[in-house]
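Give me the fold of what follows.
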Amino acid sequence: MDDLPNELLIHIVDQLRGPTTWSEPADYSRTHALAALCCVSKKLYHIARPLLYESIDLPPTDGFLPQSQRLFARLQEQPSLRFEIKALRQKTRARLRQDGDGTMRVRDEYRTDITRDVRAFGLGTEDASALVGRWLGYEDLYFALLAFRTPNLEHLWARSAVSYDWPLDECKNTLLEGIGRMAMGVSWLHTHRFDNLKILYFDFSNSPEMSARCALPLLLLPSLDELTLVALGGWFQIPENEFEGEWEGESEHEAADDDLTIFGRPWLWPVRSSPITKLSLFKPVFSEIAVKKMILACKALERFECSHPLRSSTKDQWFGALVPALNDHIESLQNLSLLCRPPRWPSLENTRMAQLDPLHEFTNLNSVRVSLNLVSDPGETLSARNLPAFLPPSITSLHVHYPREPNDEADQQLLDVLTAYKDGVLPSLKDVYITWVYYQRRKEEFDLLERLQSLVQIKEQYETSSITFDIMLTIRDDKGKWPLVRG
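Numbering: from 1, shown residues only. Next up is the predicted model:
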């Protein structure tokens, strides 16, 4: 082993490096493998040791104490370790909750220990008791404390899982609140300033309504490059095959107002000052105007994603303001993804959402992912536009989400794209990808095979060009009465 060059050993051990994205599958065995390598020899110790703590992927708890609490205790024993951690990820709940259990039932010594740990961050008795209450409400408070103790943190992926009642205008997530307060200069904890944080991912799918205003201070982080927010502003478990009714609440519409107060201080929207280059909003439930201002806060967006938003009030007209806001990033924007839930009715006009403005002025845009309904709607009041006219000439990759029950007009849009390529209108196009989720919801039958056959014929026509054409079809059987699926 000692005869092997360090370069080769580094290449081998580097395969055990921790996660680099949220979607990357978890492999909790790598930690044990790295720990074992550290015990083999001094040479392997110096190679494997930096990877052991550099990226932490916290596994599910295997007892009463969550893994985050055990790691926090380890950092308290060896404070120097906290400088080695650069990435933290937790995709699973810290504790399993019993049905109907609102708070944990714990012995007094556990309360004493958690009170001691949170007071070490400079909290008074009242504030410490409030955080202990969050811990008893099954929040993984120690995951937040880990982030507050690691000043070299660059990547942070977190899934919020909170179920206790809380006033709507207050933040319900200690990690989000701690970062936000620090960014605004109103910290109530003795922690670092998150100056090194580059990638931040927050998933609120398992949380009650989380006020969108609590996330706005993240725009002030000085080194943040990628920001992803999932299900911010509400708690909605909506299956893809069910109609999502309009959310009539006005709770999040004020997120776009100019007189917001966040953490006790007036909020001033930054303008072209945030270093964020990738902004992703999945299932947002707050005002489109707030999203527009988030876009305008960034210096130069290279990638923007917004999918499946729900209107936070009757004043919202989603997707109508996003492309005009992106005009400030014409020279930098390279990837754009704008998706809406396929409407229950044939036309987008029934959802009272707006069509997208054309993108032909975005000269550096090379990848577009879009719902066909947002571009060319077959309704009576909205104009049916030509898909090639919507796209910029620089585009190389097109990903189209088909409507639930496409018609001949939808198929013609794909043929128009092929014609535009052959005519030199879209000269850089290299691949077209179709995503189609179909299921039966009405009594009348929809000829699935006929429409699928039409897509296959379109694919054959694309094969006469150099464009790669792929189709992903997902069939959902709502009622279990599909002979085609069973056969």
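
Please make it C-alpha for all contacts and neighbour counts, starting now.
OK.

Any idea how far apart the tips of stretch 205-216 sit?
Start-to-end span of stretch 205-216 (C-alpha to C-alpha, to the nearest Å) is 18 Å.

so how far is it from its chain's centroid?
Here stretch 205-216 is found 13 Å from its chain centre; the criterion is C-alpha atoms, centre = their mean, to the nearest Å.

need the strands for the stretch 201-350 of the chain, in chain order.
Using DSSP state E, counting those that start in this stretch, the strands found in the stretch 201-350 of the chain span residues 226-230, 261-262, 265-266, 278-282, 303-307, 335-339.

okay, residue 241: pLDDT?
As predicted, residue 241 sits at a pLDDT of 37.

Confidence-wise, which helix or strand of this structure is lowest on average?
Scoring the helices and strands of the chain by mean pLDDT, DSSP states H and E places helix 483-486 at the bottom, with a mean of 39.

Format the strands of the stretch 201-350 of the chain as JSON lines; extra columns: mean pLDDT and distance to residue 365.
Formatted as JSON lines, those follow (pLDDT from 0 to 100; distance: least, C-alpha to C-alpha, whole Å):
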{"stretch": "strand 226-230", "mean pLDDT": "96", "distance to residue 365": "18"}
{"stretch": "strand 261-262", "mean pLDDT": "90", "distance to residue 365": "35"}
{"stretch": "strand 265-266", "mean pLDDT": "92", "distance to residue 365": "36"}
{"stretch": "strand 278-282", "mean pLDDT": "97", "distance to residue 365": "14"}
{"stretch": "strand 303-307", "mean pLDDT": "96", "distance to residue 365": "9"}
{"stretch": "strand 335-339", "mean pLDDT": "96", "distance to residue 365": "6"}
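
any weak-confidence spans in the stretch 51-200 of the chain?
61-65, 93-102, 104, 161-169 (pLDDT under 70).

which residues in it form strands?
55-57, 87-90, 155-159, 199-203.

Out of those, which gets nearest to residue 465?
strand 199-203 (39.2 Å; C-alpha to C-alpha).

partners of the closest one, with directions?
Sheet pairing here is set by DSSP bridges, and for strand 199-203 it gives strand 155-159 (parallel), strand 226-230 (parallel).

Pull out the buried residues from stretch 464-477.
467, 469, 471, 476 (16 or more other C-alpha atoms under 10 Å).

just to revisit the earlier point, pipe the strands of the stretch 51-200 of the chain into CSV and attach distance to residue 340 and mean neighbour count per row.
Output for the strands of the stretch 51-200 of the chain, formatted as CSV (distance: least, C-alpha to C-alpha, whole Å; neighbours: other C-alpha atoms under 10 Å):
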stretch, distance to residue 340, mean neighbour count
strand 55-57, 32, 22
strand 87-90, 28, 23
strand 155-159, 23, 21
strand 199-203, 19, 19
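
Would you format the strands paired with strand 199-203 as CSV with distance to residue 334 included?
CSV is the format used below for these (distance: least, C-alpha to C-alpha, whole Å):
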stretch, distance to residue 334
strand 155-159, 23
strand 226-230, 14
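
Please identify which of those is closest to residue 132.
strand 155-159 (19.1 Å).

CA atoms only: put the closest one into CSV for me.
Coordinates of each C-alpha in strand 155-159 appear next as CSV, following Å, rounded to 0.1, in the frame of the first residue of the first chain:
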residue,chain,number,x,y,z
HIS,A,155,-23.2,23.7,0.8
LEU,A,156,-26.4,23.2,2.9
TRP,A,157,-29.4,21.1,2.0
ALA,A,158,-32.2,20.9,4.5
ARG,A,159,-35.8,19.5,4.7
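
And for that strand, what's in contact with it?
With contact meaning C-alpha atoms under 8 Å, 6 or more residues apart in numbering, strand 155-159 is reached by 22, 86-93, 197-206.

low pLDDT regions in the stretch 251-400 of the chain?
For the stretch 251-400 of the chain, the ranges with pLDDT under 70 are 251-258, 312-315, 342-352, 377-384.

outside of stretch 394-409, which residues touch it?
339, 342-343, 346, 363-373, 378, 410, 426-439, 446, 451.

Please disregard the earlier target; I meant stretch 354-365.
Contacts of stretch 354-365 (C-alpha under 8 Å, 6+ apart): 317-320, 322-324, 327, 330-336, 348, 373-377, 389-395.

Let me see the contact set for residue 10.
residue 47 are the contacts of residue 10 under C-alpha under 8 Å, 6+ apart.

In which helix or strand does residue 458 reside?
helix 448-462 (DSSP states H and E).

Output that helix as CSV, nothing but the C-alphas.
C-alpha atoms of helix 448-462 as CSV (Å, rounded to 0.1, in the frame of the first residue of the first chain):
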residue,chain,number,x,y,z
LEU,A,448,-54.4,7.3,-26.2
LEU,A,449,-53.1,5.0,-28.8
GLU,A,450,-54.0,7.3,-31.7
ARG,A,451,-52.2,10.2,-30.0
LEU,A,452,-49.2,8.1,-29.2
GLN,A,453,-49.0,6.8,-32.7
SER,A,454,-49.0,10.4,-33.9
LEU,A,455,-46.1,11.2,-31.7
VAL,A,456,-44.2,8.2,-33.0
GLN,A,457,-44.8,9.5,-36.5
ILE,A,458,-43.4,12.9,-35.5
LYS,A,459,-40.4,11.2,-34.1
GLU,A,460,-39.8,9.4,-37.5
GLN,A,461,-39.9,12.8,-39.2
TYR,A,462,-37.3,14.2,-36.8
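
What mean pLDDT does the helix or strand just after that helix get?
Sequence order places strand 468-476 as the next helix or strand after helix 448-462, per DSSP H and E. Averaging pLDDT along strand 468-476 yields 89.

What sits closest to residue 173 if chain neighbours are left out?
residue 160 (7.1 Å; C-alpha to C-alpha, 6 or more residues apart in numbering).

and if you look at residue 474?
residue 437 (4.7 Å).

Show only the entries of the contacts of stretch 394-409 found in helices.
Counted as lying in helices by DSSP state H, out of those, are 372, 373, 410, 451.

Please parse this protein into its domains.
As given by automatic domain parsing, the domain ranges for the chain are 1-55, 359-487.

before we move on, back to that, now the buried members of the contacts of stretch 394-409.
Looks like these have 339, 342-343, 346, 363-373, 378, 410, 426, 428-439, 451 buried, using 16+ other C-alpha under 10 Å.

taking these one by one, which sit in strands?
Judged by DSSP state E, strands contain the following of these: 339, 367-371, 431-439.

Tell me which two of these sit farthest apart.
Pairwise over these, using C-alpha to C-alpha, the maximum falls at 367 and 439, 28.2 Å.

how near is residue 372 to residue 435?
10 Å.

again, but for residue 468
14 Å.

I figured residue 147 hits residue 153, correct?
Yes: here residue 147 reaches residue 153: they are 7.3 Å apart, a contact under C-alpha atoms under 8 Å.

what sits in contact with each of these two?
With C-alpha under 8 Å, 6+ apart, residue 147 and residue 153 have common neighbours residue 88.

Number of residues surrounding residue 277?
By other C-alpha atoms under 10 Å, the residues close to residue 277 number 18.

what's near enough to touch it?
225, 226, 298, 299, 300, 301, 302, 303.

10 Å instead, please
224-227, 298-304, 332-333 (C-alpha atoms under 10 Å, 6 or more residues apart in numbering).

got it, and residue 174?
131, 134, 135, 139, 140, 141, 142, 143, 144, 145, 160, 180.

Can I get the buried part of those residues as one ChimeraX selection?
A single ChimeraX command selects the buried members of the contacts of residue 174 (16+ other C-alpha under 10 Å):
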select :131,134,135,139,140,141,142,143,144,145,160,180
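
Which of the contacts of residue 174 sits closest to residue 455?
Distance to residue 455 across the contacts of residue 174 (C-alpha to C-alpha) is lowest for residue 160, with 40.9 Å.
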